[in-house]
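Undergrad: Need a 3D model of the following:
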Amino acid sequence: MTSKNINAPILGQRHFQTLLLFFSIVVNYIAKFNAGVAVVAMTSTDSNKHDVPTYDWNEMERSYILSSFFWGYIMTQFLGGWLCRRIGAKITMFISTLGSAFLVLLVPFFVPWGGWQAYCGIRVLMGAFQGLLFPCVHAHLAIWCPSKERNRLGALANTGIDCGTLLAMFISGLVAASSVGWPGIFYISCGVGILWSIFWLVFGADSPSQSRFITQEELNYIETSISANNKKKIKATGQIPVPWKALLTSIPLWALFMARCTQSWGYSTLQAEIPAYMNGVLLMDMKRNALFSALPFLCSWIMAIVYLIVSDILLTRGVLTITSIRKIINSLSSWLPATFLVGLSFLDSSQKTLAIVLMSVSVGINAGNTIGSALNTIDLSPNHAGILMGIVNTGANIVPILTPLLVGIIVKNEHDRVEWQVVFIISAVIFFVGNLFFIIFGKMVNQPWNDPDFLDNQQKEKLQADGKSIKTIQVL
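TA: Numbering: from 1, shown residues only. So this is what the prediction gives:
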């Protein structure tokens, strides 16, 4: 019996699991990226009006705060993939989100006596907890999504990146400008994280067969859409050995690695530095800064949905293959923002409207990188998607450590447009080069080492080759 013989439920637990993954990314990104607005509020004299402490941190110290999250983040990517295989996504993601939520709550209490160093320490630990998340997200999608729905459901879950970043900017700015002041940013971040953790503990399931709420019809549909080999993997997660040598020497994997690292460079430069750029170069006050800082990420969320709809139509109607869709969309989401970044770098405070338009368009178009490259881990290997995400995300998140530090080195005066110009042009060049490598070497099909029997087959081939060699020697 094949999946063609089974009527797929229009809505079911696979969609609810995707929705839970979406919100997991949202709440974690709120905690992760609220620092962009928070550090501006914590160092602004306007914050004194709300009877909250302010700090005299220079640009380099603020850069350390913004990058410190990723110091911990890169350390646990592999651990996230390993834990997901051993104890499942449900418990791993619960620990990840709840730990991050409690840590973000510590900021208003520890920073007054520990300064920016305490803030850095908390963000390092937050990064370590959140580093467990994305390997689990991709592994969970590989298990729950029927093959023909992976692009659609995977992209839908990952729109949480854009929504979370938008809410981090928008809500953080409004709260910082309110009577609560900047401490309210961290209270809200903690609250939404705890709320999601409760829902996940109740409704999350490591596989369709373990869900208490799935119908038999949907269970049959999901399981029969997966090959017999992958069924064995679902029932015995973590039992398939990782073909490390084949994996680490795979050119398509390194093409994906390159694409994700360069995307991360451009995106993290914009995301982390937009509040400071608007405050320093465009000379916006705190409230307007917050609202307009969020605008590019509203565009990003909208465009992420547009990309999802368009790619799904093109794929289901057979207009383009998944390979064409990924490479075209990734090119649009890399090369167009690179062009706009160069244009943005030549604007000043007398051209606020044009600067906001270019920034919004640049970030919005960049939202295509989820469909363009982020989901490529599942294309290459559904069986090892969590491990691949651990590898790719480790490299991609070393980059956000470097970008704020580079900004701190280049931008000595946050009001100097020329210094920001250098930052944006560097990002544009990196955007261009990374996508070119992905176009040439990227692949969107299961690799041979995805086969659960890959290592066994290699061993058999080696033994056969050795046997032939022995026979040849004996004949001679």
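Undergrad: List the buried residues in stretch 350-366.
TA: When neighbours are counted by 16 or more other Cβ atoms under 10 Å, the buried residues of stretch 350-366 are found to be 352, 355-366. Backbone N, C-alpha and C define where each C-beta goes, glycine included.
Undergrad: Tell me who's in contact with the residue nearest the centre of the chain.
TA: Against the mean C-alpha coordinate of the chain, by Cα atoms, centre = their mean, the closest residue is residue 161 at 6.1 Å. Listed by Cβ atoms under 8 Å, 6 or more residues apart in numbering, the contact set of residue 161 reads 25, 29, 304, 370.
Undergrad: Per-residue pLDDT of it, please?
TA: In the predicted model, residue 161 carries a pLDDT score of 88.
Undergrad: Angles on the backbone of it, please.
TA: The phi/psi pair for residue 161 (degrees, to the nearest 10) reads phi -60, psi -50.
Undergrad: For residue 10, what is the enclosing helix or strand?
TA: Assessed by DSSP states H and E, residue 10 sits outside every helix and strand.
Undergrad: thinking again about what came up before, identify those among the buried residues of stretch 350-366 that sit within helices.
TA: The helices, defined by DSSP state H, take in 352, 355-366 from these.
Undergrad: and of these, the nearest to residue 178?
TA: Compare each of these with residue 178 using Cβ to Cβ and the shortest gap goes to residue 356, at 22.9 Å.
Undergrad: Now do residue 423 against residue 265, distance only.
TA: From residue 423 across to residue 265, the span is 11 Å (Cβ to Cβ, to the nearest Å).
Undergrad: do residue 342 as well
TA: Taken as Cβ to Cβ, the spacing of residue 342 relative to residue 265 amounts to 15 Å.
Undergrad: and the two? which has more neighbours close in?
TA: Neighbour comparison, residue 342 and residue 265: the larger count goes to residue 265, with 22 against 16 (by other Cβ atoms under 10 Å).
Undergrad: what residues are up against the more buried one?
TA: 399, 402, 403, 427, 430, 431, 434.
Undergrad: Which secondary structure element is home to it?
TA: Take DSSP H and E as the rule and residue 265 turns out to sit in helix 251-280.
Undergrad: angle of the next helix or strand after that helix against helix 251-280?
TA: The helix or strand immediately downstream of helix 251-280 is helix 286-316, counting by DSSP H and E. In this structure, helix 286-316 runs at an angle of 150 degrees to helix 251-280, with axes from the mean of the first three to the mean of the last three Cα atoms, to 10 degrees as the basis.
Undergrad: Can you pull out the low-pLDDT segments for the stretch 301-450 of the chain?
TA: The stretch 301-450 of the chain contains no residues with pLDDT under 70.
Undergrad: residue ranges for the helices of it, please.
TA: With DSSP state H, counting those that start in this stretch as the definition, the stretch 301-450 of the chain shows helices at residue ranges 322-344, 352-366, 369, 376-380, 385-396, 399-410, 417-441.
Undergrad: right, and those - which one's nearest residue 225?
TA: Comparison of those against residue 225 by Cβ to Cβ identifies helix 376-380 as nearest, at 13.7 Å.
Undergrad: The closest one packs against which elements?
TA: Contact analysis of helix 376-380 by 3 or more Cβ pairs under 8 Å, 6 or more residues apart in numbering; DSSP states H and E lists helix 133-144, helix 251-280, helix 322-344, helix 385-396 as its packing neighbours.
Undergrad: out of the contacts of residue 161, which one sits closest to residue 83?
TA: Checking those against residue 83 with Cβ to Cβ, the nearest one is residue 25 at 17.9 Å.
Undergrad: Pretty sure the closest one sits against residue 162.
TA: No: taking Cβ atoms under 8 Å as the definition, residue 25 is not a contact partner of residue 162, at 9.3 Å.
Undergrad: re earlier: so what angle separates the directions of the helix holding residue 265 and helix 322-344?
TA: Angle of helix 251-280 versus helix 322-344, following the same axes, to 10 degrees, is 30 degrees.
Undergrad: just how off-centre is helix 251-280 within its chain?
TA: Averaging C-alpha positions (Cα atoms, centre = their mean, to the nearest Å) puts helix 251-280 11 Å from its chain's average.
Undergrad: Likewise for stretch 304-319?
TA: Averaged C-alpha coordinates place stretch 304-319 at 21 Å from its chain's average position (Cα atoms, centre = their mean).
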